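Chemist: structure for the following, please:
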Amino acid sequence: MNISNEIRKELLKAQRTEITEYHVYTRIAKTLADENNRQIIEEIGQDEKRHYHAWRGYTGQDVKPNRLLIWLYTTISRLFGFTFGFKLMELGEEKAQVNYEKILAEIPEVKDVIRDEKDHEDKLLTMLDEKALIYAGSVVLGLNDALVELTGALAGLTFAFRDVNIIALSGLITGIAASLSMAASEYLSTRSEETEKDPVRAAITTGIAYVITVTLLILPYLLLSNEIISLAIALTTSVLIIAAFNFYLSVAKGQPFGKRFAEMAGLSLGVAGFSFLVGLLIRNWFGIEV
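Modeler: Okay, the predicted model is just below:
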């Protein structure tokens, strides 16, 4: 079948995408303990390989996979869970579908590929029981509580004491105590619920998320001597953490990014602003000087 040069270039790009994703799927499938999940991923990988050979039939040319993307998506899947890694990769496929639509007039077989990609998305949705996502609620609890509580505490302490060392020490004591309290609360809460979550793992997940957040927020006070700049960096870090985690959830679980981000960021910054005023008033009213 004769095809135009423009369509041939698009098919070569599609070939590289398909063979790259075939290698990502097959590599990750080998690491999965769950037999059902492994079988689903292997089937999707074989579909990608079949698409590659279908396009090769039109171009008559072999294409090498993108080794960098194979490493990137494989690493992301292992660090943040295969559901997130694969769905992030599927977002790239959605962009590629625009190219498929362009060549549909010359190659009707594209309809089958588009249908397969939709099936891939549906299959991935059945895998949301992945451990990394089961405990996402525990991570949200740790992150949200640490961000709201500590940004507020740091803002209040900053304008009450105006000393980075005292602020950092007070923040660390508050953060460590609160992380243990939240971990204990999550353990008791999970234990009392009918859920497949392990109470100990849920508690540890919440505690770790809390401690990591506390560390990142207090770090500017440990490295810098200006408390106002340290507070500004801490608040910026808070917003970035909220954005990163909500992006993760928006990809892995299909949740809306904008609404959840605005809600968490507004709550965290709102508490920080109120605490800022409280710290300033306490300093002025009581004349506290440190």
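
Chemist: what does stretch 225-242 contact?
Modeler: Stretch 225-242 has contacts (C-beta atoms under 8 Å, 6 or more residues apart in numbering) with 143, 147, 151, 154-155, 158, 162-164, 167, 213, 216-221, 224, 261, 264-265, 268-269, 272. For the C-beta atoms, the positions are set from N, CA and C on the backbone; glycine is no exception.

Chemist: go again with 7 Å.
Modeler: Stretch 225-242 is contacted by residues 143, 147, 151, 154-155, 158, 162, 164, 167, 213, 216-217, 220-221, 224, 261, 264-265, 268-269, 272 when judged by C-beta atoms under 7 Å, 6 or more residues apart in numbering.

Chemist: among these, which ones are buried?
Modeler: 143, 147, 151, 154-155, 158, 162, 164, 167, 213, 216-217, 220-221, 261, 264-265, 268-269, 272 (16 or more other C-beta atoms under 10 Å).

Chemist: I'd like the next helix or strand past the least confident helix or strand in the chain by mean pLDDT.
Modeler: Within the chain, no helix or strand scores below helix 131-134, which has a mean of 61 by mean pLDDT, DSSP states H and E. Next in sequence after helix 131-134, counting helices and strands by DSSP states H and E, comes helix 136-161.

Chemist: so which elements touch that following helix?
Modeler: In terms of contacts (3 or more C-beta pairs under 7 Å, 6 or more residues apart in numbering; DSSP states H and E), helix 136-161 is packed against helix 164-192, helix 199-223, helix 227-252, helix 257-286.

Chemist: between it and helix 227-252, how many degrees?
Modeler: 170 degrees (axes from the mean of the first three to the mean of the last three C-alpha atoms, to 10 degrees).

Chemist: returning to that earlier point: want to throw the helices and strands packed on helix 136-161 into a markdown table with mean pLDDT and distance to E109?
Modeler: Conversion of the helices and strands packed on helix 136-161 to a markdown table gives the following (pLDDT from 0 to 100; distance: least, C-beta to C-beta, whole Å):
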| stretch | mean pLDDT | distance to E109 |
| --- | --- | --- |
| helix 164-192 | 83 | 50 |
| helix 199-223 | 85 | 46 |
| helix 227-252 | 83 | 29 |
| helix 257-286 | 71 | 34 |
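
Chemist: can you tell which of those helices is closest to V24?
Modeler: helix 227-252 (15.4 Å; C-beta to C-beta).

Chemist: give me the phi and psi for G60.
Modeler: Phi and psi for G60, reported as degrees, to the nearest 10, are phi 70, psi 30.
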